[in-house]
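Colleague: Sequence and predicted structure below; questions after.
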Amino acid sequence: MFWGFELEFKQSLRTKKLWVILGVMMLLYVPGFYLQKSSGREIETVGEAISALINSINGLGAFFIGILAILIGATAINSEIEKGTLRVAMSKPIKRLGYIGGKFLAHTVVLLLALLLTTVIGIIGVAWLGAPITGKLVTDSLLLNGLLLLAMIQLVALGYIISTTVKSSSTALGVALVIMFVVFMIMPAIVQFMAAKDTLLTENPDFEAYQEKVKDYQTKYLFYVPTTQIDVILSDATVVRGDIGRPEIEYLGIGHAIRENPVNLGILLGLTLVYLGITFYRFLRMDLR
């Protein structure tokens with residue numbers, strides 16, 4: 001397994017997809033923080049700092065790293081079959097399970113490094129905006145990273161299923177992008193419309209009921225979208241009290257949000273294990289010629 005990990009880790013760090021997407025992310029982050037600074041916005045509390053990190057990292061960061069994750073997975077196996085490198089690897093004293101396990105572990109570490117990089121940039125940004133750097137900020141940033149890593153691992157595993165099903169790596173990339181577009185953009189919009197139809201597009205629109213309905217529908221109908229499950233979990237990191245005109249926002253923490261949503265966390269973990277099980281089963285039985 002270590003041989004497969006070392007080989008794939010080095011290859012992943014050299015891939016252009018990784019550095020291009022990370023470069024685009026940095027270009028989006030830096031101007032965003034600069035515009036906030038120019039507008040005179042200051043961040044004074046840990047809650048405001050974490051909210052800013054959630055909006056940036058779980059928004060742009062999750063989207064671009066999500067694309068990176070599924071594209072890495074979608075070409076993990078079929079591209080090596082096309083180049084003939086997989087047959088060379090299998091000629092060494094290494095079992096299929098050890099090879100695929102090492103490859104998957106390497107991809108996980110690469111994604112972790114990408115998430116840590118975006119988090120460091122985010123923390124530097126909120127510190128520049130005046131946020132206090134405390135243990136709570138670091139702890140909640142790590143918890144946020146952990147949730148995002150679970151989502152990215154699930155997307156890599158989904159990409160592996162594509163890679164062991166679609167023989168052509170170029171076709172697999174197209175399939176992965178279509179899945180990203182349909183599953184991660186169109187379906188969430190449909191679910192939000194369903195929630196709005198049941199609560200807002202009525203004679204007595206109720207915004208609080210709409211928010212609860214969105215959360216319920218996202219859990220039921222978007223269980224296969226890991227970033228949406230993270231959104232559901234993080235929605236309980238803060239609580240809004242008081243009148244609509246003068247709301248009081250209290251930050252409860254990401255740890256509290258995780259404890260309040262064990263079902264969504266279980267969906268993240270469970271579906272990832274299902275995808276990995278399918279991947280390992282297909283790889284152990286597939287023709288590698």
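Modeller: Nice, I can see it. Quantities reported herein were computed from a predicted structural model and do not represent experimental measurements. Numbers count the residues shown, from 1 in each chain.

Colleague: Now do the contacts for the residue nearest to residue 80 when sequence neighbours are not counted.
Modeller: In this structure, residue 80 finds its nearest non-sequential neighbour in residue 86, 4.0 Å apart by CB to CB, 6 or more residues apart in numbering. (C-beta placed from N, C-alpha, C; glycine too.) Counting by CB atoms under 8 Å, 6 or more residues apart in numbering, residue 86 touches 77, 80, 288.

Colleague: surely the last one meets residue 89?
Modeller: No. With the criterion set as CB atoms under 8 Å, residue 288 and residue 89 do not qualify as a contacting pair; they are 9.4 Å apart.

Colleague: which one of these two has more residues nearby?
Modeller: Set side by side, residue 288 and residue 89 show more neighbours around residue 89, with 18 against 12, by other CB atoms under 10 Å.

Colleague: Just the element for that one, please.
Modeller: helix 85-90 (DSSP states H and E).

Colleague: And the next helix or strand past that helix?
Modeller: Immediately after helix 85-90, counting by DSSP H and E, sits helix 96-128.

Colleague: who does that next one touch, helix- and strand-wise?
Modeller: On a contact count with 3 or more CB pairs under 8 Å, 6 or more residues apart in numbering; DSSP states H and E, helix 96-128 meets helix 2-14, helix 16-38, helix 46-56, helix 62-74, helix 85-90, helix 135-165, helix 262-285.

Colleague: Just the mean pLDDT for the fifth one, thanks.
Modeller: Model confidence over helix 85-90 averages 74 on the pLDDT scale.

Colleague: give the contact list for residue 136.
Modeller: The contact partners of residue 136, taken as CB under 8 Å, 6+ apart, are 46, 253.

Colleague: And it, what's its pLDDT?
Modeller: pLDDT, residue 136: 81.
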